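J.: 3D model of this:
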Amino acid sequence: MLKGYLANGLFSLGDRLVNEMIAKAVRHTLPNVDLYVPQENDAINDKTAFANSEQIAYADIEALKMSDFLIAVIDGVEIDSGVAAEIGAFSMLNRPIFAVFTDSRQQGRDNMKKIEALRADAVENQFVYRNLFVVGLIKQNGCVCTTIDELTVELKKQFMS
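T.: Just a heads-up that it's a prediction; the model follows:
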């Protein structure tokens with residue numbers, strides 16, 4: 001059975017809803033997938049209960065080690081620190097990583113006014129930055145998708161061909 005891991009923040013309503021959307025799309029695209037979604041693991045993520053840092057690290061590392069692929073949401077002001085750690089740990093396994101990056105500032109990269117504004121004043125940056133080390137780890141064995149639909153296409157290419 002194909003196993004996957006979905007990495008994203010899980011504490012805000014927005015993150016939990018995005019995780020649910022991605023999990024639903026992945027499970028529909030790969031019907032036989034066993035997808036680990038940390039927010040679904042109440043043993044470590046029921047915030048009315050208690051799990052210490054070592055229990056959380058152990059549960060997630062074990063799930064990463066058993067996974068055939070990683071989906072990592074890299075949206076936000078910066079990549080979530082837990083997601084960055086999961087990408088780093090998983091990259092050592094040399095298995096596919098599919099990042100989801102939906103930031104609207106990716107649009108207009110060919111708009112010369114934006115480029116000229118950036119050249120004239122570095123704080124007039126109309127674009128978005130992601131940590132290049134983390135992006136490099138993703139690209140070594142995977143890709144960055146800008147939509148959930150694009151993610152499902154890439155998953156099909158990788159696992160259904």
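
J.: now do the helices in this protein.
T.: Per DSSP state H, the chain carries helices over the ranges 13-29, 42-45, 53-66, 81-91, 112-120, 132-141, 148-159.

J.: would JSON lines of those helices with mean neighbour count, mean pLDDT and distance to I74 be doable?
T.: Every residue, glycine included, has its C-beta placed from N, CA and C. Formatted as JSON lines, these follow (neighbours: other C-beta atoms under 10 Å; pLDDT from 0 to 100; distance: least, C-beta to C-beta, whole Å):
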{"stretch": "helix 13-29", "mean neighbour count": "15", "mean pLDDT": "96", "distance to I74": "12"}
{"stretch": "helix 42-45", "mean neighbour count": "14", "mean pLDDT": "73", "distance to I74": "20"}
{"stretch": "helix 53-66", "mean neighbour count": "14", "mean pLDDT": "93", "distance to I74": "16"}
{"stretch": "helix 81-91", "mean neighbour count": "19", "mean pLDDT": "97", "distance to I74": "7"}
{"stretch": "helix 112-120", "mean neighbour count": "12", "mean pLDDT": "88", "distance to I74": "21"}
{"stretch": "helix 132-141", "mean neighbour count": "15", "mean pLDDT": "97", "distance to I74": "7"}
{"stretch": "helix 148-159", "mean neighbour count": "16", "mean pLDDT": "97", "distance to I74": "12"}
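
J.: and the ones you listed: which comes nearest Y5?
T.: helix 53-66 (5.6 Å; C-beta to C-beta).

J.: so which residues make contact with the closest one?
T.: By C-beta atoms under 8 Å, 6 or more residues apart in numbering, the residues outside helix 53-66 that reach it are 3, 5, 36, 38, 41, 43-45, 51, 70, 86, 89-90, 93.

J.: how many residues are close by the nearest residue to F127 once chain neighbours are set aside?
T.: Spatial nearest neighbour of F127, chain neighbours left out: R105 (5.7 Å); criterion: C-beta to C-beta, 6 or more residues apart in numbering. Residues contacting R105 under the criterion other C-beta atoms under 10 Å number 12.

J.: right, and R105 touches K114 too?
T.: No - R105 is beyond contact range of K114, at 9.6 Å (criterion: C-beta atoms under 8 Å).

J.: common neighbours of the two, please.
T.: 126-127.

J.: follow-up on the earlier one: taking the contacts of helix 53-66 together, which two end up most distant?
T.: Between any two of those, the greatest separation by C-beta to C-beta is 24.0 Å, found for A51 and L93.

J.: wait, what's in contact with the spatially closest residue to E78 that is not a sequence neighbour?
T.: Leaving aside its chain neighbours, E78 sits nearest to N131 (7.5 Å; criterion: C-beta to C-beta, 6+ apart). Residues near N131 by C-beta under 8 Å, 6+ apart: 78-79, 84.
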